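Colleague: Turn this into a model:
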Amino acid sequence: MTAPFRPNEQIVDFRSDNTGRAAPEIIAALAAANEGTTAGYGGDEWTALLQRRYSELFETAVRVFPVATGTAANALALAAISPSWGAVYCSEQAHVSVAEVNATGFFGGGSRLTLVPGPHGKMTAEALGAALAMAGVGQTHRSQPAAVTLTQASDLGAVYSLDEVRAVTALARSHNIKAHMDGARFANALARLGCMPAELTWRAGIDILSFGATKNGGMLCDAIVVFNQDIVPSLGIQLRRAGQCHRGAHRRRPARSSRHHAAGADRGQ
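Modeller: All right, here's what the predicted structure looks like:
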């Protein structure tokens, strides 16, 4: 039986972190950068610094693309890894399904979200395997498996363990589909698991990440972090088409670190 509410009891508010203020350090950094002139469309020193800082953070060479919102990050990342006839597998409560107004299908030109059950807003590898077994691979009248997306942490507050992430991405790899992580609350998941960003992403088989900044003290900005560099050309087109202009998306891709070469070999890249 539920205990009665008492007016003098403290209420704990679990709304998203984006209800709070931007971090003062970010405001100060923006003010400091707001001097002089510089090239636009990714040709400025701050964008170059962003690439270096994220590569240091993830311990490998990555490509980073700032975007305006988390919805833009998710929809455009998934559009870059799924054709218009593709199926994108997600949990039943995934943010891309319940809160983004079909943005995945819109920017993906018709790509379809396929819901996979699991506890606490997560997707289990077993349920994903069952869904892929029934996908009708090679049948021309069926959507074809193209990608899987994990919401970390889930929209119900649960965190995928490293083993759970690896199990899902291993299954995706065995079916030749790419793995995306919706990391709107990526920092919260890292704190809960006590691991490094690399462990929870490319070392665990993730190809591309939506990196949450607005929910972590940012100011009207999230990012797409690309680990699998083969995705970059397609993503650059999707970004431009959606008005998230990044001229630098087609520059020569950076050399991968030896650690990423090893991971790529393990992932069949």
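Colleague: Just grab the bridge partners of the nearest residue to I81 once chain neighbours are set aside for me.
Modeller: Nearest-residue entry for I81: K178, 4.3 Å, with adjacent residues in sequence omitted and distances by Cβ to Cβ, 6 or more residues apart in numbering. All C-beta spots, glycine's among them, are computed from the backbone N, C-alpha and C. In this structure, K178 bridges to A147 when assessed by DSSP bridges.
Colleague: K178 contacts F227, correct?
Modeller: No. Using Cβ atoms under 8 Å, K178 makes no contact with F227, being 10.2 Å away.
Colleague: what residues do these two have in common as contacts?
Modeller: With contacts defined as Cβ atoms under 8 Å, 6 or more residues apart in numbering, the residues shared by K178 and F227 are D207, I208.
Colleague: hang on, C90 is in a strand, isn't it?
Modeller: Yes. Going by DSSP: H, G, I helix; E, B strand; the rest coil, the assignment for C90 places it inside a strand.
Colleague: show me what contacts it?
Modeller: In this structure, C90 makes contact with V96, S97, L113, T114, L115, V116, M123, V148, T149, T151, judged by Cβ under 8 Å, 6+ apart.
Colleague: which one among the residues you listed gets closest to G205?
Modeller: If you rank the contacts of C90 by distance to G205 using Cβ to Cβ, V148 comes first, at 10.0 Å.
Colleague: quick one: stretch 147-160 to chain centroid distance?
Modeller: Centroid separation for stretch 147-160 versus its chain: 10 Å, with Cα atoms, centre = their mean, to the nearest Å.
Colleague: Now do the buried residues in that stretch.
Modeller: Within stretch 147-160, the residues that qualify as buried are A147, V148, T149, L150, T151, Q152, A153, S154, D155, A158, V159, Y160, counting by 16 or more other Cβ atoms under 10 Å.
Colleague: Next, the distance between the ends of that stretch.
Modeller: In terms of Cα to Cα, to the nearest Å, the two terminal residues of stretch 147-160 are separated by 18 Å.
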